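K.L.:
need a structure here:
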Amino acid sequence: MNKVLGNLPEYKRDELEKILAIILEHAKVEMVILFGSHVKDSWVSHKYVKDDNVYEYNSDFDLLIVVKNKKMEEDFGVWDAIESECYKQGVRTWISLIVDNIHDVNEQLALGRYFYS
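P.N.:
Numbers count the residues shown, from 1 in each chain. This next block holds a predicted model:
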């Protein structure tokens, strides 16, 4: 597992640190895993103008948040509050949270499910 984010520009690393701090402030989590384009170094940040319209596409941060139990996993108020707080504190990159409990994660790993491995 790669724990170094040196492939990302400093502003992206700063945003991830802010997101992690907000998550840890609002919820007791076992693990936070960044996956997707930001890990594979295939993320994009693209802005262009066509016919006087500005179009923009930016990859989101995909985060798997592992919690201890189903009750915490299903506390949608907490996860909504975390997302809201991230944007209030100036995180510009959209975030996609997948929250799963450790029991289910371990079960999926034992079954060899691609996403989890």
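K.L.:
what ranges does this structure have for its helices?
P.N.:
10-26, 37-40, 70-73, 76-88, 102-110 (DSSP state H).
K.L.:
partners of the spatially most central residue of the chain in the sheet?
P.N.:
Central residue of the chain (C-alpha atoms, centre = their mean): residue 63, 2.6 Å from the mean position. Beta-bridge pairing for residue 63 (DSSP bridges): residue 34, residue 97.
K.L.:
does it really touch residue 19, like I thought?
P.N.:
Yes - with contacts counted by C-beta atoms under 8 Å, residue 63 reaches residue 19, the gap being 7.4 Å. For glycine as for every other residue, the C-beta is placed from the backbone atoms N, C-alpha and C.
K.L.:
mind listing what residue 72 touches?
P.N.:
27, 28, 78, 99, 101 (C-beta atoms under 8 Å, 6 or more residues apart in numbering).
K.L.:
hmm, back to that, quickly, which of the helices of the chain bottoms out on average pLDDT?
P.N.:
Between the helices of the chain, the one with the least mean pLDDT is helix 37-40; it has a mean of 91.
K.L.:
mind listing what's buried along it?
P.N.:
38, 39 (16 or more other C-beta atoms under 10 Å).
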